[in-house]
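Undergrad: Task: produce atomic coordinates for the following.
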Amino acid sequence: EKIKHFVSKDALNIDGLGKKVIEKFWDLGYIKFPSHIFNLDYLNIEKLDGWGKKSVNNLKSSIEKSKNINLDKFIFSLGIRHIGQENAKILAQFFISKKKFLGLTKNFNYNLINNIDGIGDTQISSLKKFFLNKINIQKVLRLSEIMNVNSILVDKKAKLKNQTFMFTGKLSGIS
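TA: Sure thing, here's the model as predicted:
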């Protein structure tokens with residue numbers, strides 16, 4: 001199920017690698033971890049029923065295209081419990097780069113993420129549990145080597161960033 005999530009439309013969005021294909025490749029032993037998707041033996045796939053040169057080339061192209069991903073999609077694709085698309089965006093905006101996010105694999109710092117607005121105790125607990133598992137760490141590091149994870153662009157000239165404003169009074173015609 002984690003692999004199905006990994007290739008889903010909201011994550012890597014790999015065309016031609018749907019639920020049934022994932023299940024077949026799992027049964028055949030082609031895929032056991034998400035990183036195996038990027039090392040498929042296309043010659044063996046071409047020999048399978050329902051696969052031809054064109055469909056294999058389309059799959060290969062879609063997989064290659066999915067290697068280039070934004071940090072928020074990368075975080076979401078990992079399938080960390082309680083980390084949905086919005087939480088992944090918040091985390092990506094906080095960490096900005098793959099390198100900073102991967103810092104969680106070396107030393108999970110509770111205090112670092114405790115004060116991120118929009119990330120609560122449930123998400124922090126899930127992140128901690130995820131990054132204390134050595135298999136998950138290996139999976140994340142392996143994927144980060146294979147994939148080109150794009151950093152979040154930050155507008156450093158944003159004069160109003162991190163400012164709080166309160167408007168009072170009345171506006172005519174607006175409640």
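Undergrad: quick one, phi/psi of the nearest residue to Ser97 once chain neighbours are set aside?
TA: In space, and not counting its chain neighbours, Ser97 is closest to Ser151: 4.3 Å by C-beta to C-beta, 6 or more residues apart in numbering. Yep, even glycine has a C-beta here, placed from its N, CA and C like the rest. Backbone geometry at Ser151, expressed as degrees, to the nearest 10, gives phi -70, psi 160.
Undergrad: One more: Ile146?
TA: Torsion angles, degrees, to the nearest 10, at Ile146: phi -80, psi -40.
Undergrad: mind checking how far it is from Ile37?
TA: 9 Å (C-beta to C-beta, to the nearest Å).
Undergrad: So between the two, which is more surrounded?
TA: Shown here are Ile146 and Ile37; by other C-beta atoms under 10 Å, Ile37 has more neighbours (23 against 13).
Undergrad: For the helix-or-strand element of the chain with minimal mean pLDDT, buried residues please.
TA: Here the helix or strand of the chain ranked lowest by mean pLDDT, DSSP states H and E is helix 110-114, holding a mean of 83. Residues Ile113 are the ones in helix 110-114 that count as buried (16 or more other C-beta atoms under 10 Å).
Undergrad: so what's Glu46 closest to, chain neighbours aside?
TA: Going by C-beta to C-beta, 6+ apart, Glu46 has Val56 as its nearest residue, at 4.7 Å.
Undergrad: Kindly report the same for Trp51.
TA: Ile45 is the one closest to Trp51 (C-beta to C-beta, 6+ apart), at 5.4 Å.
Undergrad: Moving C-terminal from the helix or strand hosting the one you found, which element do we reach first?
TA: Using DSSP states H and E, the element containing Ile45 is helix 42-46. The helix or strand immediately downstream of helix 42-46 is helix 53-66, counting by DSSP H and E.
Undergrad: mind listing what's buried in that following helix?
TA: Val56, Leu59, Ser62, Ile63, Ser66.
Undergrad: likewise stretch 167-175?
TA: Under 16+ other C-beta under 10 Å, stretch 167-175 has no buried positions.
Undergrad: so Leu91 makes contact with Ile116?
TA: Yes: counting by C-beta atoms under 8 Å, Leu91 touches Ile116, with 7.2 Å between them.
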